[in-house]
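The following block contains a protein sequence and its predicted model.
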Amino acid sequence: AQTVTQSQPEMSVQEAETVTLSCTYDTSESDYYLFWYKQPPSRQMILVIRQEAYKQQNATENRFSVNFQKAAKSFSLKISDSQLGDAAMYFCAYLRVQGAQKLVFGQGTRLTINP
Amino acid sequence: DVKVTQSSRYLVKRTGEKVFLECVQDMDHENMFWYRQDPGLGLRLIYFSYDVKMKEKGDIPEGYSVSREKKERFSLILESASTNQTSMYLCASSSTVWNSPLHFGNGTRLTVT
């Protein structure tokens, strides 16, 4: 079974600085998808960014980018120019291509933005 | 915009009660999911459904059942609530297009006393 590990329960960063959230996963499959979701205090889970494993190019969405290292099974999220609205729980998630279409989530990282 | 609505934001129930958590989505999505969120454990899948009257167990189905009589509605049932089922419950839906994102409701925080 696939597992997703986020080893940083909490992180903090100064406003306008850059922060990187770590995620590693364990799988024997070669094709899959990876996601980062954000959960602000409102509890609404929001998709931040996604990466297809067959693509070597790292995904980018405005201030959010990933560092996808397939061989190392690592998928970190970099947030540039951090803003107060970025404060939230961040979850890394894995989706296999074959079989049931269900996400496996990591434990989450709580990100605090210091003004 | 996809909307996933969970009927209750907060719920307090007593041990042994039968509890229904309701979820409705308005985008004609085939897939619907129930997750449980606990601190330090992330989100864990309880049950999911690919179609009306169809259901499959997730990773932690014990103590739960589900019902999907209509495409837009997916209910989670706690047959006899226990204190270890105190948690945040999140419903989600998605289309059948592979890697389409999950759309989540705002969650129901259930407390069993």
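Sure thing, it's come through.

Which residues are in contact with the spatially most central residue of chain A?
Among the residues of chain A, the smallest C-alpha distance to the mean C-alpha position (C-alpha atoms, centre = their mean) belongs to A:W36, namely 3.3 Å. With C-beta atoms under 8 Å, 6 or more residues apart in numbering or on different chains as the criterion, the residues that contact A:W36 are A:21, A:23, A:47-50, A:64, A:66, A:75, A:77, A:90-93. Just so you know, the C-beta spots here come from the backbone N, C-alpha and C atoms, and that holds for glycine as well.

I'd like to know how far it sits from chain B.
According to C-beta to the nearest C-beta, to the nearest Å, A:W36 and chain B sit 11 Å apart.

now the helix or strand harbouring that residue, how far from the chain's geometric center?
The secondary structure element spanning A:W36 is strand A:32-39 (assigned by DSSP states H and E). Using C-alpha atoms, centre = their mean, to the nearest Å, we find the averaged C-alpha position of strand A:32-39 to lie 5 Å away from the chain's own average C-alpha position.

Can I get it as PDB, trimmed to CA atoms?
What follows is strand A:32-39, C-alpha atoms only, in PDB (Å, rounded to 0.1, in the frame of the first residue of the first chain):
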ATOM      1  CA  TYR A  32       0.900   8.300 -10.500                       C
ATOM      2  CA  TYR A  33      -0.100  11.800  -9.500                       C
ATOM      3  CA  LEU A  34       0.800  14.000  -6.600                       C
ATOM      4  CA  PHE A  35      -1.100  16.900  -5.000                       C
ATOM      5  CA  TRP A  36      -0.800  19.600  -2.400                       C
ATOM      6  CA  TYR A  37      -4.000  20.700  -0.700                       C
ATOM      7  CA  LYS A  38      -4.400  23.600   1.600                       C
ATOM      8  CA  GLN A  39      -6.900  23.700   4.500                       C
END
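
Sheet partners, orientation included, of it?
Taking DSSP bridges as the criterion, strand A:32-39 pairs within the sheet with strand A:46-52 (antiparallel), strand A:88-96 (antiparallel).
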